[in-house]
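Colleague: okay, predicted coordinates and the sequence, questions at the end:
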2 protein chains.
Amino acid sequence: MAQAPTATSPEKLQTLLSKRGKDLPGPRVGDPRKSAELISFYAGFPDPASLPAREVADATVRAMEKDGSWALQYGNSTGYQGLVDVLLAKLKRDQGIDARRENVLITAGGSQALALVLDAFVDWDDTIITEAPTWMGAVRAFKNVGAQPVSIPVDEQGTDVEALERELVRLQGEGIRPKLIYVISNFQNPSGISTTRERRERIAALAQEYGTLVLEDDAYYDLRYGGEFISPIYTLDDSGSTMYLGTFSKVMGAGMRLGWLIAPPEIIQKLAVLKIDGGTNVFGSHVAAEWVPDHLIAHVERLKGIYRHRRDLMLEALERHMPEGTTWTKPDGGFFIWVTFPDGVDTTRMLPQARERGVEFLPGSACYMNGEGGNALRLSFSFASDDQIDPGIRVIGEIAKGELLESGTP
Amino acid sequence: MAQAPTATSPEKLQTLLSKRGKDLPGPRVGDPRKSAELISFYAGFPDPASLPAREVADATVRAMEKDGSWALQYGNSTGYQGLVDVLLAKLKRDQGIDARRENVLITAGGSQALALVLDAFVDWDDTIITEAPTWMGAVRAFKNVGAQPVSIPVDEQGTDVEALERELVRLQGEGIRPKLIYVISNFQNPSGISTTRERRERIAALAQEYGTLVLEDDAYYDLRYGGEFISPIYTLDDSGSTMYLGTFSKVMGAGMRLGWLIAPPEIIQKLAVLKIDGGTNVFGSHVAAEWVPDHLIAHVERLKGIYRHRRDLMLEALERHMPEGTTWTKPDGGFFIWVTFPDGVDTTRMLPQARERGVEFLPGSACYMNGEGGNALRLSFSFASDDQIDPGIRVIGEIAKGELLESGTP
């Protein structure tokens, strides 16, 4: 009667799977515990040593004393009101976003917000517009729902709005209305580049003009180490065309799995009906609502010190160790540096060599819908410790030099 | 620059929405804080007074001391291994399920498991088989993904397996392979009825014979107040056709949002790739992994005492207050009693009258895909306090009697 793991025949499974379920890539590699065994520049994992475990334990004790039986109960579909109010105050103070409760959906990290937006707007084969490169989680999510991507390059000023306009004109000519434009406005994942204010205004105007929506992913807004804050597209758009996605993952703890979407109430209502989940992490929401008002500002200041230093260490190490002809971005914030090697270097082939030597990074092709980016890679400076950065970058430089020698491009 | 809530034009929104996003019902009503203002028999919310707030606070302090920086970090896509192991031990001890790590997916409540299974197997207009009545969350989830439901009645022995076989034969004749059979084997939501062991064996055999899968929802397994435990379908199926869904919502706290799916590894791998969410509630998972081994058994015993008593109070109150010709189920466990009134009673029309008098229940039609169940309602005995039960049932009885008088069926 007791049951060992059973197997369904591959033929039966293939017959039953949906379009979403078929032809999926292998299991996702993102597991911080595995990354911790290496010098890992692979993922946007927060610095482990800075995670506020003690403060969160204290906040939990307070939250449970105050309101424990509600924290352990089902929630409503838009989110715990106590956390919504804390978030609204933070967004007004830091982002200049003046939203109301009906504009907010609390989600299981930014990724659930993205998934819900795709469910609500994208049918199989629908067209979406995305920056290229972009966040590999978005690449996966777009593929999962069968979206047809139109890629917009990112240059040193961010989203290339001229290319965006060209593509919108072209699509309009073909009778295709793209469902949304996905952009990461600050310290873009993976390029590290921030889109200028002028371009942000243009993105909002183009979305309005061409009857589509902007999904602005701003996971890194608070983590700025240089330059001036730039207003989110959401605040530059008076047409209700922008949805603003954020998260507590980078500034409190990714393990809380708490993110949000700010959008017009009609959109929030739609998403809340699709979101049949008994409420987003009600327990964690009560804890965050207790932690954020007391600790967020000071914690972000501490994080900025840690990450600014790591960014600088990594930029210095790149200067020291990269082969000639290599370029990289110099981000004003966030977690990522984008490295481009001379032609002939294949970063996907470099990865197993690096892992063998105890180092990992993200090959650039994971950040493109179409497999471009073969000679690029993304480095995250958030997770590896200060003293791992130089040795890790040295290994990558040595492997790249080896690849260049082999390809005859010294 | 600061932004009031903006609105997208309804026309634009309608043009952009996907099939999933169009024609959704209004926002879901399930909000326990609103229900708490009434005598609420509406939802399967756990008893508020029994939620172990203090124990969970203590478990959090211990979990954060032990492993705080991992609890606040991203997780992997299948779940925190510490919780997986605790769950495997519990399933073996209580359910007789002998699974391994590769059979487990930790999810944000049972509802995320259901949503992932639908994403992986159901394309728009695909056929699924479901009990009728069934859980209203499943009704919503099936509608959201455009599933074509085939309804199987539930009688006093559970799923009507003869009807199931008839429908499978009919579908086969039409060249339609149903993607899955959704059943709630214990104390079915909403009927309260448990499917017999013989019928469970038949369901597993039929799924195998007709090349489809069973999704067995067993959210209430532990909460049995009478009768003998019956083995889950999962343990009666040696063909790998069954996926087993459960949750900590009813036995620890719904606010933890922790559920699971047990299934063949090939299916778990597919779902893990679709599940782009940075890991399920990593913080809550660490807390649950700390709480469950110390407290689950004693807590379930305490809950069984509370809920058994409430069930008995409600059954007695029904005897006292229901109009002649009314029938109701007598569940051996779970949270629900299903009440069927004589023809002429419309429970959807009764609900606003009941709310006006401070009482709420779930109209039966919410539990059917096709709006049947108009003269039935679901009562939950989990959320209202002992002393609210008799007065609440009396109000419902009075309203039903009024309806019968009006319809001329005294």
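Modeller: Looks like it came in fine. All of these numbers come straight from a predicted model, not from anything done at the bench.
Colleague: would A:Ala63 count as being in a helix?
Modeller: Yes: with DSSP: H, G, I helix; E, B strand; the rest coil as the criterion, A:Ala63 is part of a helix.
Colleague: from A:Ser77, how far out is it?
Modeller: 21 Å (CB to CB, to the nearest Å). C-beta here means a position set from N, CA and C on the backbone, and glycine is covered the same way.
Colleague: over to A:Glu174?
Modeller: 37 Å.
Colleague: so for the two, which residue has more residues nearby?
Modeller: Taking neighbours as other CB atoms under 10 Å in any protein chain shown, A:Glu174 and A:Ser77 compare with A:Ser77 leading, 24 against 9.
Colleague: mind listing the strands for chain A?
Modeller: Here chain A has its strands, by DSSP state E, at A:39-40, A:104-107, A:127-132, A:148-155, A:158-159, A:180-184, A:213-217, A:242-247, A:259-262, A:327-328, A:336-340, A:359-360, A:362-363, A:376-380.
Colleague: CSV please, covering the ones you listed and showing mean pLDDT, mean neighbour count and distance to chain B.
Modeller: Formatted as CSV, those follow (pLDDT from 0 to 100; neighbours: other CB atoms under 10 Å in any protein chain shown; distance: least, CB to the nearest CB, whole Å):
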stretch, mean pLDDT, mean neighbour count, distance to chain B
strand A:39-40, 97, 24, 12
strand A:104-107, 98, 28, 9
strand A:127-132, 98, 24, 11
strand A:148-155, 97, 18, 13
strand A:158-159, 98, 26, 19
strand A:180-184, 98, 27, 8
strand A:213-217, 98, 26, 6
strand A:242-247, 98, 28, 8
strand A:259-262, 98, 26, 9
strand A:327-328, 98, 16, 25
strand A:336-340, 98, 23, 15
strand A:359-360, 98, 24, 15
strand A:362-363, 97, 24, 14
strand A:376-380, 98, 26, 12
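Colleague: low-confidence regions, the stretch 151-300 of chain A specifically.
Modeller: In the prediction, the stretch 151-300 of chain A carries no residues with pLDDT under 70.
Colleague: show me what contacts the residue in it that chain B sits nearest to?
Modeller: Closest contact between the stretch 151-300 of chain A and chain B, by CB to the nearest CB, is at A:Gly253 (3.1 Å). When contacts are counted by CB atoms under 8 Å, 6 or more residues apart in numbering or on different chains, A:Gly253 is found next to A:46, A:51-52, A:56, B:71-73, B:283.
Colleague: quickly name whichever of these is closest to A:Val273.
Modeller: Nearest to A:Val273, judged by CB to CB, of the contacts of A:Gly253 is B:Phe283 at 26.9 Å.
Colleague: burial measure for that closest one, as a count.
Modeller: 34.
Colleague: you'd agree it is up against A:Ala254?
Modeller: No: the pair B:Phe283 / A:Ala254 is not scored as a contact, 9.3 Å apart, by CB atoms under 8 Å.
Colleague: what do these two both touch?
Modeller: B:Leu72.
Colleague: where does A:Gly402 land on pLDDT?
Modeller: At A:Gly402, the model reports a pLDDT of 95.
Colleague: just the helices in the stretch 251-400 of chain A please.
Modeller: A:265-274, A:282-321, A:347-356, A:386-406 (DSSP state H, counting those that start in this stretch).
Colleague: pLDDT on stretch A:22-32, on average?
Modeller: 75.
Colleague: can you get me the start-to-end distance on that stretch?
Modeller: 27 Å (CA to CA, to the nearest Å).
Colleague: ok, now which ones touch the residue nearest to A:Ser382 when sequence neighbours are not counted?
Modeller: Of all residues not flanking A:Ser382 in the chain, A:Phe335 sits nearest, at 4.1 Å (CB to CB, 6 or more residues apart in numbering or on different chains). A:Phe335 sits next to A:44, A:187, A:189, A:220, A:223, A:250, A:307, A:380-382 when contact means CB under 8 Å, 6+ apart.
Colleague: can you select the buried ones from the residues you listed in PyMOL?
Modeller: Only the buried entries of the contacts of A:Phe335 go into this PyMOL selection, using 16 or more other CB atoms under 10 Å in any protein chain shown:
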select buried, chain A and resi 44+187+189+220+223+250+307+380+381+382
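Colleague: and the contacts of A:Phe335, which two are the farthest apart?
Modeller: A:Asn189 and A:Tyr307 (14.0 Å).
Colleague: got the contact list for A:Gln353?
Modeller: A:399, A:402.
Colleague: again, only using 6 Å
Modeller: A:Ile399 (CB atoms under 6 Å, 6 or more residues apart in numbering or on different chains).
Colleague: gap between it and A:Ile396?
Modeller: 9 Å.
Colleague: tell me how chain A divides into domains.
Modeller: If you go by automatic domain parsing, the domain ranges for chain A are A:10-52+A:298-406, A:53-295.
Colleague: looking at these, which is buried most?
Modeller: The highest mean neighbour count among the domains of chain A, using mean count of other CB atoms under 10 Å in any protein chain shown, belongs to domain A:53-295: a mean of 22.
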